[in-house]
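Peer 1: Sequence first, then the predicted structure:
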Amino acid sequence: MNQELLQTLCLHHEIDQLNAAYTAALDEKRYCDWPEFFVTDGRYKVQARENFDRGLPLALMNFESQGMMKDRVHGITQTIYHGPYHMRHIVSPARVLEVVQEDDVEVVRAQANYAVFRTKPGNVSEVFNVGRYIDELVRDGGALKLRSRHCVYDSELILNSLIYPV
Amino acid sequence: MNQELLQTLCLHHEIDQLNAAYTAALDEKRYCDWPEFFVTDGRYKVQARENFDRGLPLALMNFESQGMMKDRVHGITQTIYHGPYHMRHIVSPARVLEVVQEDDVEVVRAQANYAVFRTKPGNVSEVFNVGRYIDELVRDGGALKLRSRHCVYDSELILNSLIYPV
Amino acid sequence: MNQELLQTLCLHHEIDQLNAAYTAALDEKRYCDWPEFFVTDGRYKVQARENFDRGLPLALMNFESQGMMKDRVHGITQTIYHGPYHMRHIVSPARVLEVVQEDDVEVVRAQANYAVFRTKPGNVSEVFNVGRYIDELVRDGGALKLRSRHCVYDSELILNSLIYPV
């Protein structure tokens, strides 16, 4: 097996495991675990495809550090008044795009398509939000962490509103 | 490549292949193949998240051996009167949680999110059942088999009813 | 690690990467890239499960070369008048079925389940088309390419109509 294939294979595996753990945390409502998938100065953005494609800045969520993410988690668990719902994520196997060296840091660029299904109490499950994760990952003490996750979703229209991160 | 990563990588691959073969059997209506994914004393349970989260026992299906599964297959193919429908499963890459030793048996714990789409004759496809597989796997003559598959689904409400296993 | 497992593992990885790149091209509307996932005399067919199961020939799309695919791309980008929509594909990890030798050519047979979500401007995302890819893959200068992709979808009824390949 050549070395390049072996490297992509391992990264593919590690990113899929990361995505599976990430979505499990959200789907199981362990929101406090969510910022831990990012490095301290990690970024998280949720943006409509219309704006992303046009290069416009407007985003539904835009956090520029783990601290801002923790603040959001505090909001959704303690202060925001909203109708509760379950989420269920299905994520495609990740696409490993490239590994680049940036000032002594190895950055992995990857993408994966996701679909989130929402279930409100007493209702059937429905398609809630579909799109793609555009990711930058770095090693932090051996494990891969997100330096940036950009969620670009297809529909301008979101059922009610997006309370939890996706 | 370190040994731990290599082991998880192989398990991840094998479980994804198992899930792909398992869902293909169901989606292609080869129901008789379905109990073969389990060991003889394998267990299969389909339970609403509400009950699972509260530790309540009520489950939609609860089979405690391959024999009970074969009985169900007999039921759905020979005796239960129901409107036919196609199923289509989409399963996320599996999350390998741990490998533990239990009395000389190596048990793999894994989970995967699933979405099942239902298509009734003359209708469009719709979201039918979404949830997660909580699995225990063991080796049976080299191949991985399910010792237990616990399907925990998000919606209390199931369109019509669940006839086939998911 | 035994050699057979290693071969399936690498193929599984390569096919998942191919599927991820394939669906990214379609979802990002880079339609011109789509025929490039096939060999020159590659085949592409989109067929309802009802016809596939009965061995009937009727298919929604049936292209027998890269040339025919390019012609379709010209059609959807230049001439067909249709309401625009976004697609989002979620594909299950591929199931590697077998590797067979056909006249000095190594052919890989694989399958994967897919779900396509459609988003029309100003609307929510909805389930559009679900089914499975039945694939034959060959090596073309090192990289895996599709010699044949047969998309068998579950619903006879397609919302409006299928404009883009899936």
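Peer 2: Happy to help now that I have it.
Peer 1: Flag every residue of chain A that's near chain C.
Peer 2: Contacts of chain A with chain C, taken as CB under 8 Å from any CB of the partner chain, map to A:1, A:5, A:8-9, A:12-13, A:49, A:90-96, A:111-115, A:127, A:129-132, A:154-159. Where you see a C-beta, it was placed from the backbone N, CA and C, and this is true even at glycine.
Peer 1: Which members of those additionally contact chain B?
Peer 2: A:9, A:13, A:90-91, A:93, A:115, A:127.
Peer 1: From A:Asn113, how far off is the closest residue to chain C within chain A?
Peer 2: Going by CB to the nearest CB, chain C is nearest to A:Arg95 of chain A, at 3.6 Å. Distance of A:Arg95 to A:Asn113, computed by CB to CB, to the nearest Å: 9 Å.
Peer 1: now the helix of greatest length in chain A against helix B:3-27, angle please.
Peer 2: Longest among the helix segments of chain A by residue count, using DSSP state H, is helix A:3-27. Calculated by axes from the mean of the first three to the mean of the last three CA atoms, to 10 degrees, helix A:3-27 forms an angle of 70 degrees with helix B:3-27.
Peer 1: Tell me which helix or strand the spatially most central residue of chain A sits in.
Peer 2: Chain A has A:Arg149 as the residue nearest its centroid, 5.2 Å off, counting by CA atoms, centre = their mean. Element membership for A:Arg149, per DSSP states H and E: strand A:143-153.
Peer 1: what's that strand packed up against?
Peer 2: helix A:3-27, strand A:38-48, helix A:49-54, strand A:105-119, strand A:125-140 (3 or more CB pairs under 8 Å, 6 or more residues apart in numbering or on different chains; DSSP states H and E).
Peer 1: What's the mean pLDDT across the longest helix of chain A?
Peer 2: Helix A:3-27 shows a mean pLDDT of 95.
Peer 1: what distance separates it from the centre of its chain?
Peer 2: Here helix A:3-27 is found 13 Å from its chain centre; the criterion is CA atoms, centre = their mean, to the nearest Å.
Peer 1: and if you look at stretch A:76-88?
Peer 2: 18 Å.
Peer 1: Need the contact partners of it.
Peer 2: A:26-27, A:31-32, A:116-121, A:125, A:128, A:160-161, A:163-164, A:166, B:49, B:113, B:115, B:130-132, B:154 (CB atoms under 8 Å, 6 or more residues apart in numbering or on different chains).
Peer 1: Repeat the analysis, applying 6 Å as the threshold.
Peer 2: A:26-27, A:31, A:116-120, A:163-164, B:130, B:154 (CB atoms under 6 Å, 6 or more residues apart in numbering or on different chains).
Peer 1: Please name the residues that touch the nearest residue to A:Tyr133 once chain neighbours are set aside.
Peer 2: Of all residues not flanking A:Tyr133 in the chain, A:Ala112 sits nearest, at 4.9 Å (CB to CB, 6 or more residues apart in numbering or on different chains). Going by CB under 6 Å, 6+ apart, A:Ala112 touches A:19, A:91-92, A:94, A:133.
Peer 1: now swap in A:Val100 and tell me
Peer 2: Contacts of A:Val100 (CB under 6 Å, 6+ apart): A:Val107.
Peer 1: Secondary structure element holding it?
Peer 2: Going by DSSP H and E, A:Val100 is in strand A:95-102.
Peer 1: what's the burial count for the residue of chain A at minimum distance from chain B?
Peer 2: Across chain A, the shortest distance to chain B (CB to the nearest CB) belongs to A:Ala20, at 3.6 Å. By other CB atoms under 10 Å in any protein chain shown, 23 other residues sit near A:Ala20.
Peer 1: Not counting sequence-adjacent ones, nearest residue to it?
Peer 2: B:Arg95 (3.6 Å).
Peer 1: Next up, phi/psi of A:Gly67, please.
Peer 2: phi -60, psi -40 (degrees, to the nearest 10).
Peer 1: Local confidence estimate at it?
Peer 2: Reading off the model, A:Gly67 has pLDDT 98.
Peer 1: For it, give its distance to C:Ile15.
Peer 2: From A:Gly67 over to C:Ile15 (counting by CB to CB), the distance is 41 Å.
Peer 1: The two: which is more packed in?
Peer 2: C:Ile15 (25 against 12).
Peer 1: hang on, isn't the more buried one packed against C:Arg95?
Peer 2: No - using CB atoms under 6 Å, C:Ile15 is not in contact with C:Arg95; the gap is 9.0 Å.
Peer 1: The residue found closest to A:Tyr153 once you drop the neighbours it is linked to in the chain: neighbour count?
Peer 2: Spatially, and ignoring its direct neighbours in sequence, A:Tyr153 is nearest to A:Gly131 (3.5 Å; CB to CB, 6+ apart). A:Gly131 has 27 neighbouring residues, counting by other CB under 10 Å.
Peer 1: now swap in the one 3 residues further on and tell me
Peer 2: Using other CB under 10 Å as the criterion, A:Ile134 is surrounded by 18 other residues.
Peer 1: A:Val39 now?
Peer 2: 18.
Peer 1: repeat for the one 10 residues further on
Peer 2: As a burial measure, A:Arg49 scores 19 neighbours (other CB under 10 Å).
Peer 1: What pLDDT does the model give it?
Peer 2: 95.
Peer 1: List the contacts of it.
Peer 2: A:Arg49 neighbours (CB under 6 Å, 6+ apart): A:152, A:154.
Peer 1: could you redo the last one with a cut-off of 10 Å?
Peer 2: A:Arg49 makes contact with A:131-132, A:152-156, C:27-28, C:86, C:88, C:119, according to CB atoms under 10 Å, 6 or more residues apart in numbering or on different chains.
Peer 1: What subset of those is buried?
Peer 2: When the contacts of A:Arg49 are checked for burial by 16 or more other CB atoms under 10 Å in any protein chain shown, the buried set is A:131-132, A:152-155, C:27, C:86, C:88, C:119.
Peer 1: Look up how far A:Leu162 lies from the closest residue to A:Phe128 other than its chain neighbours.
Peer 2: Sequence neighbours aside, A:Arg118 is the residue nearest to A:Phe128 in space, at 3.6 Å (criterion: CB to CB, 6+ apart). As judged by CB to CB, A:Arg118 and A:Leu162 stand 10 Å apart.
Peer 1: Overlap of the contact sets of those two?
Peer 2: A:128-129.
Peer 1: Between these two, which has more neighbouring residues?
Peer 2: Using other CB under 10 Å, the more surrounded residue of A:Arg118 and A:Leu162 is A:Arg118, with 22 against 17.
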